[in-house]
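Q: Need a 3D model of the following:
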Amino acid sequence: MASTIEMPKSWWARNAHGLKTVFRLLLGVAWLVNGVLKFTSGYVDSFLSDVQNSQASAPSWLSGWYSFWATQASSNASLIVYTVGALEIVLGLALLLGFARKIAYSGGAVLSLLIWAIPEGFGGPYQGGSGGTDIGTGVVYAIAFLGLIVINATYGPSRWSLDHLIERLYPRWSRIAEFGGRAAISAPTGGRVPSPAK
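A: Here you go, the predicted structure:
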């Protein structure tokens, strides 16, 4: 039987559950604001020009991708922008409430990459001048969602979430809410490290 060695906990480790909730809430506020702005800022009028600008500065091997989206944006700009805005609002609310986090985190990463790939033009790293110095925000959001996935898989359920309340009544909900399902509930919370077997 392996013994355990008690490791001193840093402030970050002692407060990991609260910090992961704060991080989730901050990201939720950002997505909620993004979604609301899609409906209130007039972005629908500039969406086509964003796609066309991305198309103009993209390398030739991406021309088919941007031709497709420029065609869609010219005929369906409102549908695209408002659909994305609605998805951002739903995502922001899911993050704020801690609801269906497994779906929210995965969907948020995919949505972020789509935003990065279409109106942001993959950040334009292939552009010359100042345009080539910014990788875009969509990829940063995708990395943030991947971080939430890793945190959720490492630290298990979030006690400050709607998912936690639902899981107490319906344990199978963890399949929708948690990375690792029920195994995440018994995941270690840090501080105790098994010593090597002798």
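
Q: list the contacts for A77?
A: With contact taken as CB atoms under 8 Å, 6 or more residues apart in numbering, A77 is in contact with 44-45, 47-48. Every residue, glycine included, has its C-beta placed from N, CA and C.

Q: Which positions in the helix or strand hosting it come out as buried?
A: Using DSSP states H and E, A77 maps to helix 63-97. The neighbour-count check on helix 63-97 (16 or more other CB atoms under 10 Å) flags 65-66, 69-70, 73, 77, 80-81, 84-85, 87-92, 94-97 as buried.

Q: Go through the contacts of A77 and name the one nearest A16.
A: The closest of the contacts of A77 to A16 turns out to be F47 (CB to CB; 39.5 Å).

Q: returning to what we had before: now, which of the contacts of A77 lie within strands?
A: Members of the contacts of A77 lying in strands (criterion: DSSP state E): none.

Q: Now the buried members of those.
A: 44, 47-48.

Q: which one of those residues sits closest to R14?
A: F47 (45.5 Å).

Q: Can you tell me which of the contacts of A77 is closest to I149?
A: When the contacts of A77 are compared against I149 (criterion: CB to CB), the nearest one is F47, at 29.1 Å.

Q: List of residues touching stretch 149-163?
A: With contact meaning CB under 8 Å, 6+ apart, stretch 149-163 is reached by 16-18, 20-21, 23-24, 97-102, 105-106, 109, 164, 167, 173-174, 176-180, 184-187, 189-190.
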